[in-house]
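**Q** Kindly return the folded structure for what I paste below:
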Amino acid sequence: MPTFDATLRDLNNSYDMADPRLTLRPMRWRAQAVGGFASARIEVSGPREAVASVGRHLAHDVTIRNETGTTVWRGYVHEVEIWEGGQTVTLSMDGIVNRVAVAYAHRLPDGGDERRTTDWAEDAHSVSLYGKREVMLSSRAATLDVAEAERDGVLARYARPQPNFSLDDSQRGAGAMLYCRGYYERFDQVYYANAAGLEEHTSSSREEIAVGGHYTANTISFEAQDDVKDSAGGMGGLVEGDNFVVSGSALNDGEYGVADTKIAGSHFEVSTKTIVDEGAGATVTLARDADRTTHVAQSFQVSSGWTVYAAALQLRRYGTPADNVLVQIQADDGFGNPTGVALAQASITGMNVPIEDEWVEAVFAAPYTLASGTTYHLVMGRSGGPDVGEYYLASADKENGYASGSLLVYKDGAWQASALGGDLMFRLTGKEDTATQLWDIFSASGFFAAGGILEGYALDEYPLGVLSWQYREGDSTCLSELEDLLALGDGTGERLLIAIDADNYLRVRSRAAAGDDDPILRADGSVDGVDPGQMIAGRWARMGNALIATAMGTGAVFVEECEYDAVNGQLSVQSETGPDRIEL
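**A** Sure thing, here's the model as predicted:
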């Protein structure tokens, strides 16, 4: 039967930490295709005073080697169980929290709530002993002071392991068990945020701006006491019950309501008997409100450079406009106005704009890279001319809540401040290559910095050519974000795999095809091509048993997970295609 030994080193892997009087006996260990080394169990025996000190190895580096000195598993001590007689004490990393932030609901002046987050608080000594273990908590607190008090209380209570004591009727001599985990799991203890890839403004304080919702002509005339006529027939957008505003008339400016349509587009009566005679000739505008806006523009800046792929606006349509909404990013002309030249452009089919106010996304025909600290304008208009009965409405915040820009409207041939004031509701989003995002997450984790728990990382393909949304709020851990990105694959339909090897080096690669160098699973339970106890998860394995290969319909399986039982010298393998294990 092969034999194995284990060594323990401190968090920085600088020197052997185990009491020489202790015997470490590796019992079993496991690895997965995604992550590499996953878990291990090591039995500890020795004099009772030496066993009593095993708890200090929590978070320490663990290496299991076979008789030839080959490393077959590596990770860290996640939990320690120490017993004597019927008493057992357990110390676990699960309960340790040494970096805490709290998300809370800040009450706004208008009565609404805004999500805010405290700064991170840290117990530096705990971090030095156990590595970073972060938690983001959610609180009902409405003020920063209360949220910070909750944060500091959690940090004070949980920066050290919480012993768990149990009692039974067994009578065992002094001993201990180390429950170990692979380093990949540590990515689940650190949160990841990326502010790049999103610039937005939203608010519960909302007004609407009609865009292209008017009709202007010099063919409009008025007849006492309630008739409005247009010899060009352009008033078809106004029907019974509609309200409108007249401007540009010498005698009949004001607000009216349509009472009765006499000739569609050419003649209707208004509900108030205040019209006086006025012939055609003046340039008169009939509008849904007092505005004659044809475009709106929101200036903005981003705090770091990134590539924008899409814009979203809160929009609705009135009637059934046959044209499109046009959305552009334009540069600033140096005087606070858009230049009129599109840096990026997208369109939204009019009938795809809802009749109720909703967020509507427009994907730019070609992405554009925004520069940090540069003023741009998000410009929205329509592809057709204005129509008093068929138009679009954009939502804006009347409270001037956006600090990095302002709202302009284009009417009467010039850009000008909106009478509404405020800012447009908008959202700009960016994408980034999967490989770049993986790289960013690795860097942000802090695990690869000087004195970190991992030595380095590599991506076999860079870039991958797979794009995904870039912004991260900071509510998810590095592990969650990594696995979401890995699930996108490598762009060719193949899986992306990630693993940390025996040298604590992380590697991301596409799954390779089966080949002649893959290990062979023999009918007698042996494995050709690997040393005893070595893990083969993330590799293909050839079937050395012809009957099993025929039954499976394939000569090789991809090993999703494997586990080695050192007590019985047995390797179990789980293939990618199903939950059943092949027992060797």
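
**Q** ok, now how distant is residue 372 from residue 336?
**A** The span separating residue 372 from residue 336 equals 19 Å under the rule CB to CB, to the nearest Å. Placement of C-beta: from N, CA and C, glycine included.

**Q** name the helices or strands packed onto the helix or strand harbouring residue 77?
**A** If you go by DSSP states H and E, residue 77 is part of strand 71-92. Applying 3 or more CB pairs under 8 Å, 6 or more residues apart in numbering; DSSP states H and E, we find strand 71-92 packed against strand 23-32, strand 35-45, helix 48-51, strand 61-65, strand 164-181.

**Q** where does residue 351 land in three-state SS?
**A** Put simply, residue 351 is helix when judged by DSSP: H, G, I helix; E, B strand; the rest coil.

**Q** who's in contact with it?
**A** Residue 351 makes contact with 317, 320, 321, according to CB atoms under 8 Å, 6 or more residues apart in numbering.

**Q** Closest one to residue 471 out of these, please.
**A** Looking at the contacts of residue 351 and their distance to residue 471, the nearest is residue 317, at 28.5 Å (CB to CB).

**Q** And residue 372 and residue 336? Which one has more around it.
**A** Legend: neighbour count by other CB atoms under 10 Å for residue 372 and residue 336, higher for residue 336 (15 against 11).

**Q** Can you name the residues that contact residue 529?
**A** Counting by CB under 8 Å, 6+ apart, residue 529 touches 517, 518, 519, 520.

**Q** any idea how far residue 554 is from the last one?
**A** Separation of residue 520 from residue 554 (CB to CB) stands at 14 Å.

**Q** what residues are shared contacts of those two?
**A** residue 543.

**Q** Got phi/psi on residue 374?
**A** The phi/psi pair for residue 374 (degrees, to the nearest 10) reads phi -100, psi 140.

**Q** Quickly list what the residue nearest the centre of the chain is bridged to.
**A** The centroid of the chain falls nearest to residue 472 when counting by CA atoms, centre = their mean (3.9 Å). Beta-bridge partners of residue 472, counted by DSSP bridges, are residue 194.

**Q** ok, now the one 4 residues further on?
**A** The residues paired with residue 476 through beta bridges, assigned by DSSP bridges, are residue 192.

**Q** hang on, isn't it packed against residue 192?
**A** Yes: the pair residue 476 and residue 192 qualifies as a contact (CB atoms under 8 Å) at a distance of 6.7 Å.

**Q** that older thread, closest one of the contacts of residue 529 to residue 268?
**A** For these, the closest approach to residue 268 (CB to CB) belongs to residue 518, at 81.6 Å.

**Q** Could I get the phi/psi values of the closest residue to that closest one other than its chain neighbours?
**A** Leaving aside its chain neighbours, residue 518 sits nearest to residue 540 (4.4 Å; criterion: CB to CB, 6 or more residues apart in numbering). In terms of degrees, to the nearest 10, the main-chain angles of residue 540 are phi -80, psi 150.

**Q** Equivalent analysis for residue 549, please.
**A** phi -60, psi -40.

**Q** what sits against it?
**A** 543, 555.

**Q** picking up where we left off before, give me the subset of the contacts of residue 351 that lies in helices.
**A** Among the contacts of residue 351, none falls in helices (DSSP state H).

**Q** where does this protein dip in pLDDT?
**A** Across the chain, the ranges flagged by pLDDT under 70 are 12-16, 110, 289-290, 577-584.

**Q** quick one: the strands in the stretch 151-300 of the chain?
**A** Using DSSP state E, counting those that start in this stretch, the strands of the stretch 151-300 of the chain run over 164-181, 191-194, 198-201, 207-211, 214-217, 220-223, 227-230, 243-247, 254-263, 267-270, 284-287, 295-300.

**Q** Residue 55 is nearest to which of the ones you listed?
**A** Smallest distance to residue 55 across the strands of the stretch 151-300 of the chain (CB to CB): 8.3 Å, for strand 164-181.

**Q** Quick one: work out the angle between the closest one and strand 35-45.
**A** Angle of strand 164-181 versus strand 35-45, following axes from the mean of the first three to the mean of the last three CA atoms, to 10 degrees, is 130 degrees.

**Q** List the contacts of strand 164-181.
**A** Contact with strand 164-181 is made by 24, 29, 38-45, 47-48, 51-52, 54, 57, 62, 75-92, as judged by CB under 8 Å, 6+ apart.

**Q** Which members of these are classed as buried?
**A** 24, 29, 38-42, 44, 51-52, 54, 57, 62, 75-84, 88-92 (16 or more other CB atoms under 10 Å).

**Q** Tell me which residues touch the residue nearest to residue 37 when sequence neighbours are not counted, please.
**A** Distances taken as CB to CB, 6+ apart place residue 182 nearest to residue 37, at 3.7 Å, with adjacent residues excluded. Going by CB under 8 Å, 6+ apart, residue 182 touches 31, 35, 36, 37, 38, 39, 74, 75, 500.

**Q** now residue 182: how far from residue 269?
**A** Separation of residue 182 from residue 269 (CB to CB): 80 Å.

**Q** now swap in residue 384 and tell me
**A** To residue 269, residue 384 is 28 Å away according to CB to CB.

**Q** the more surrounded of these two?
**A** residue 269 (18 against 15).
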